[in-house]
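[1] A structural model of the following input is requested.
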Amino acid sequence: MKENFFPKKVLLGLQEGDCNLSCPKCYTHGENAPTLSDRKTGVMNFEKFIALCEELAPYSPRVTPQTWDEPLLTPNILKYLKILKDFNLTVTMDTNGILLNEKMAKQLVELEIDSIFVSIDAIEPETFEKVRGKDVLHLVEKNVLNLLKERGDKLLPRIGVSFVVEDNNRSEEELFVQKWKSLVDVIRVNKEFSPQRQVEGEVSPIRTPCWSLYDSIMVNYDGSVSLCCVDTHSEVEIGNAFDDGVLNLWNNGKVGEIRKLHEEGRFSEVGICANCNLWSNESPEIKKEEGFVIAKTYTHYFVNNEERLKSIPHGNRYIKA
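    Here you go, the predicted structure:
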């Protein structure tokens, strides 16, 4: 294995435990979430965060400053984001948009955050409240439009909105895409993930080793490393990035063992992987359609404004700039 083998994407739990929404579908804050008391919560130590950035910088992974919590609730979030950008790291973030006010939008644009997705999931306020837990759709939409205005014609940030398809909003999926496709750079639509790490409907008929084992790593606020982005309660013990380093954990120990099991088709021997079908989110089909480039997998599809493709972050798995 090459010495410089390094994850293409690193999720950092700068703060874990806080969210200002309570989406029923959420793994960590929703009504179907595993026991919340089982999940460690806190804020990442700033000095250890700096040390982590020093390790990441030579390998230039994309960094997402969150795991399953709202990043804009992180104390001094702009300080963390500036450090990431000072290390020339690509920063991609997802937010529910509630705190994305005019001041925050201006600061994120000035920092040249590479990509910002705002989760919306609805067209109607009543639907939004059902799927996101609060009646704040108009506020979120206003904040997205203001962010677009603040960014203007600049390359960054790349601005997108997302829609998770579930029973309560299924009828609004097409309307959502039509509403936003001429406004934002990209729309992400994906099937709902169950707490069992499954999506309904068709998936790839041939199971392959999970793409995530070769792409992403998730570092929690205390340095502990989770196997993947849906190992929200750290069911698989990988090690601690503060103590052992990301490079070492990625190339040795438990991650390597699980890669080998996947490559041998022994998926059931990894409890968290046994029934998961999110591995189907790979090998996108690409097509062009009236000024848009659409990338589609079994679990997701992305509607990209063709005129804004140059803003796609490096290492994107679905489509290249």
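[2] Only C-alpha atoms from now on, for both contacts and neighbour counts.
    Will do.
[3] Using the three-state scheme, assign residue 228.
    coil (DSSP: H, G, I helix; E, B strand; the rest coil).
[4] now residue 187
    Quick answer, by three-state DSSP: residue 187 is strand.
[5] does it really touch residue 164, like I thought?
    No. Contact between residue 187 and residue 164 fails when scored by Cα atoms under 8 Å: they sit 10.9 Å apart.
[6] List the contacts of the most centrally placed residue in the chain.
    Residue closest to the mean C-alpha point of the chain, counted by Cα atoms, centre = their mean, is residue 94 at 6.1 Å. Neighbour list for residue 94: 66, 71, 116-119 [criterion: Cα atoms under 8 Å, 6 or more residues apart in numbering].
[7] What is the nearest of the residues you listed to residue 263?
    Using Cα to Cα, residue 66 comes nearest to residue 263 of the contacts of residue 94, at 29.1 Å.
[8] OK, contacts around that closest one?
    11-16, 93-94.
[9] Which stretches in the stretch 151-300 of the chain count as strands?
    Applying DSSP state E, counting those that start in this stretch to the stretch 151-300 of the chain gives strands spanning 158-165, 186-191, 216-219, 225-226, 285-289, 292-296, 300-305.
[10] pull the longest helix from the protein.
    helix 137-151 (DSSP state H).
[11] Take the strands of the stretch 151-300 of the chain and write them to a markdown table, including mean neighbour count, mean pLDDT and distance to residue 275.
    Below are these laid out as a markdown table (neighbours: other Cα atoms under 10 Å; pLDDT from 0 to 100; distance: least, Cα to Cα, whole Å):
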| stretch | mean neighbour count | mean pLDDT | distance to residue 275 |
| --- | --- | --- | --- |
| strand 158-165 | 24 | 98 | 21 |
| strand 186-191 | 22 | 96 | 16 |
| strand 216-219 | 25 | 95 | 20 |
| strand 225-226 | 24 | 94 | 18 |
| strand 285-289 | 12 | 95 | 25 |
| strand 292-296 | 21 | 97 | 22 |
| strand 300-305 | 22 | 97 | 19 |
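[12] So which of those is nearest residue 151?
    strand 158-165 (8.9 Å).
[13] what sits up against the closest one?
    With Cα under 8 Å, 6+ apart, strand 158-165 has contacts from 114-122, 148, 173, 176, 180, 184-192, 311-312.
[14] and if you look at stretch 104-112?
    Taking Cα under 8 Å, 6+ apart as the rule, stretch 104-112 contacts 78, 81-82, 85, 146-147, 150-151, 156-157.
[15] nearest residue to residue 282 other than its sequence neighbours?
    residue 297 (5.9 Å; Cα to Cα, 6 or more residues apart in numbering).
[16] the residue most distant from the middle of the chain, which is it?
    No residue in the chain sits farther from the centre than residue 264, which is 28.1 Å out by Cα atoms, centre = their mean.
[17] Can you check the pLDDT for that residue?
    If you check residue 264, the pLDDT there is 97.
[18] And it, how far from residue 257?
    11 Å (Cα to Cα, to the nearest Å).
[19] next one: residue 224
    Counting by Cα to Cα - residue 224 and residue 257 are separated by 18 Å.
[20] do residue 149 as well
    48 Å.
[21] the helices in the stretch 51-200 of the chain, which residues?
    77-86, 102-111, 125-132, 137-151, 173-180 (DSSP state H, counting those that start in this stretch).
[22] looking at the ones you listed, which is closest to residue 217?
    Proximity to residue 217 (Cα to Cα) singles out helix 77-86 among these, at 16.7 Å.
[23] Out of the contacts of stretch 104-112, who's the most crowded?
    residue 157 (26 neighbours; other Cα atoms under 10 Å).
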